[in-house]
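**Q** Return a 3D structure for these sequence lines:
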Amino acid sequence: LKDAVDAGDLETILKKEPKFKLLNSYWRNDPALFEKYSTLSEKLLEAADEGKKDEVKKLYQEYTSDPVFEPLKQPIKRNKFTMTMFSYGAGKSYNDA
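**A** Numbering: from 1, shown residues only. Coordinates of the predicted model:
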């Protein structure tokens, strides 16, 4: 979504409204933080609907400034032999002919 925000692609941002609501549920057990991030996402989507690209960039930066997003900003480097849930069963096993 960062690429869409940087490019000013407001249509893509508006299509991600369900993702914002899903992401906001991360803070559902902390009412103060839940209210903060729900309000931020609503303001961001309203600004996108009104065509305010600079406001969207500012609100997105504020939304993603939480330390919880830090691990998502750095890609995970894996060597070619790393097993993931997606690689499980992707190739042939030793018993396959």
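**Q** which intervals of the protein have sub-threshold pLDDT?
**A** 81-97 (pLDDT under 70).
**Q** neighbours around Val5, how many?
**A** Val5 has 21 neighbours, counted by other Cβ atoms under 10 Å. C-beta here means a position set from N, CA and C on the backbone, and glycine is covered the same way.
**Q** What helix or strand is the closest residue to Tyr60 other than its chain neighbours located in?
**A** Excluding the flanking residues, the one nearest Tyr60 by Cβ to Cβ, 6 or more residues apart in numbering is Val5, at 4.6 Å. Per DSSP states H and E, Val5 falls inside helix 2-7.
**Q** by contact count, what packs against that helix?
**A** Judged by 3 or more Cβ pairs under 8 Å, 6 or more residues apart in numbering; DSSP states H and E, the packing partners of helix 2-7 are helix 10-15, helix 53-63.
**Q** and of those helices, who's closest to Leu72?
**A** Nearest of the helices and strands packed on helix 2-7 to Leu72, taken as Cβ to Cβ: helix 53-63 at 12.4 Å.
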